[in-house]
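Undergrad: this is the structure alone, sequence omitted:
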């Protein structure tokens with residue numbers, strides 16, 4: 001896509017950031033409702049995490065199959081199509097008669113919830129170069145708000161009208177998103193004429209040509225996996241002793257993302273000055289949060305869980321922004337494909353974290369959750385150190 005010379009109007013940026021938040025929220029609604037869903041179908045806490053895992057895997061698959069098309073066809077049309085399919089998947093989730101049908105609907109829900117990842121490269125391409133860090137931060141603020149909305153709202157609404165009612169409400173929100181994109185998103189010309197199969201093959205070429213893409217994607221996936229170790233099983237653990245919280249009460253812990261929402265725009269600006277160094281800060285914060293959960297998660301201190309949830313969100317956002325800003329600057333004509341590679345890896349890591357975290361928490365409680373999360377964080381830190389050393393070596397040579 002040609003570089004913008006006029007920049008992205010603030011009102012349009014706010015609209016797109018809001019749409020990012022509401023569209024990505026659909027993959028997080030189920031996390032605080034897992035105890036209710038498990039009770040409906042008589043599924044244990046160790047296994048009901050499959051819903052969150054399959055939603056994340058579906059999202060990763062949707063990123064791979066659909067987001068690259070943002071370089072090939074009009075992004076607004078692509079987003080409207082994804083919102084329509086997502087609407088149908090939410091209705092299917094709401095009326096699922098069996099656990100197996102809900103698992104299938106969850107895959108399609110994730111598959112079609114990729115609108116935000118089409119909006120993000122579009123917004124950065126429309127932005128003036130001087131705006132890009134702050135615009136990326138604003139879009140990520142929208143994503144953080146989506147996580148906040150999903151976890152807090154689904155916990156409260158599902159307590160009131162059940163988890164099926166929450167899915168119906170989410171479908172109604174999708175209608176509003178459709179109207180907002182149709183009326184406010186600028187129409188942009190495609191940047192590639194490659195046929196679909198060639199477009200898909202070109203992502204492998206991008207991976208071969210750009211070591212930064214490989215390393216940043218791996219780091220992003222590991223740290224997001226760590227975040228999902230926590231959120232994929234937190235509600236189930238809070239339902240047990242010593243907390244015994246309802247889904248509504250567990251959902252309130254999603255309010256921890258408020259700090260991340262306000263911090264994301266500032267962190268986005270920091271990426272222009274500190275780059276990969278910001279990843280060290282983010283990953284270290286995530287690791288410290290899991291150490292705290294290991295030591296005190298089972299003690300019954302709600303404030304400790306809230307602090308750790310906040311630290312995990314900020315740490316993940318800092319790491320994501322540092323890595324995503326780097327990869328989106330590699331090839332302006334292929335931003336959708338670059339974002340696809342990054343986000344497929346990102347949400348594959350998230351799905352793995354959800355599955356392993358739920359299993360560990362189901363058998364070993366808070367300490368099991370903390371150990372698995374810390375392993376993800378340590379692996380992420382090792383990947384950052386390796387990337388930093390590789391860049392120094394390449395600069396010397």
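TA: Right, received. Where do you want to start? These numbers were taken from a predicted model, which means no experiment stands behind them.
Undergrad: lowest-scoring secondary structure element of the protein by mean pLDDT?
TA: Least confident helix or strand, the chain: helix 257-274 with a mean of 68, by mean pLDDT, DSSP states H and E.
Undergrad: and the next element down the chain from it?
TA: helix 277-296 (DSSP states H and E).
Undergrad: can you point out the buried residues in that next one?
TA: By neighbour count on 16 or more other CB atoms under 10 Å, the buried set for helix 277-296 is 278-290, 292-294. Backbone N, C-alpha and C define where each C-beta goes, glycine included.
Undergrad: run through who's touching it.
TA: Helix 277-296 is contacted from outside by 219, 223, 226-227, 229-230, 267, 270-271, 304-305, 307-308, 311-312, 314-323, 366-367, 369-371, 373-374, 377-378, 380-381, 384, using CB atoms under 8 Å, 6 or more residues apart in numbering.
Undergrad: list buried residues within those.
TA: 219, 223, 226-227, 229-230, 267, 270-271, 304-305, 308, 311-312, 314-323, 366, 369-370, 373-374, 377-378, 380-381, 384.
Undergrad: among those residues, which are in strands?
TA: Within these, no residue falls in strands by DSSP state E.
Undergrad: among these, which lie within helices?
TA: Under the assignment DSSP state H, the buried ones among the contacts of helix 277-296 contribute 219, 223, 226-227, 229-230, 267, 270-271, 304-305, 308, 311-312, 314-323, 366, 369-370, 373-374, 377-378, 380-381, 384 to helices.
Undergrad: how far away is the closest residue in space to residue 336 that isn't next to it in sequence from residue 198?
TA: Counting by CB to CB, 6 or more residues apart in numbering, residue 70 is the residue found nearest to residue 336 once chain neighbours are left out, at 3.5 Å. Distance from residue 70 to residue 198, counting by CB to CB, to the nearest Å: 15 Å.
Undergrad: these two: who's more crowded?
TA: Remark: of residue 70 and residue 198, residue 70 carries more neighbours, 29 against 11, as counted by other CB atoms under 10 Å.
Undergrad: from what I can see that one touches residue 119, true?
TA: No - taking contacts as CB atoms under 8 Å, residue 70 lies outside contact range of residue 119: 9.1 Å.
Undergrad: so how many other residues sit close to residue 245?
TA: For residue 245, using other CB under 10 Å, the count is 21.
Undergrad: how close does it sit to residue 40?
TA: In terms of CB to CB, residue 245 sits 19 Å off from residue 40.
Undergrad: go on, residue 128?
TA: Taking CB to CB, one finds residue 128 at 50 Å from residue 40.
Undergrad: the two: who's more crowded?
TA: Neighbour count, other CB under 10 Å: between residue 128 and residue 40, residue 40 has more, with 16 against 13.
Undergrad: which residues touch residue 32?
TA: 151, 154, 155, 158, 235, 247, 250, 251, 254.
Undergrad: now do the helix or strand encompassing the fourth one: distance to the chain's middle.
TA: So the one you mean is residue 158. If you go by DSSP H and E, residue 158 is part of helix 132-184. For helix 132-184, the gap between its own C-alpha mean and the chain's C-alpha mean amounts to 13 Å (CA atoms, centre = their mean, to the nearest Å).
Undergrad: just checking, what packs against that helix?
TA: Packing partners of helix 132-184 (3 or more CB pairs under 8 Å, 6 or more residues apart in numbering; DSSP states H and E): helix 10-25, helix 34-41, helix 75-95, helix 115-126, helix 247-251, helix 257-274, helix 302-328.
Undergrad: out of these, deepest packed?
TA: helix 115-126 (a mean of 26; mean count of other CB atoms under 10 Å).
Undergrad: where in the stretch 251-397 of the chain is pLDDT low?
TA: Counting by pLDDT under 70, the stretch 251-397 of the chain contains low-confidence residues at 257, 260, 264-266, 268-275, 391-392, 394-397.
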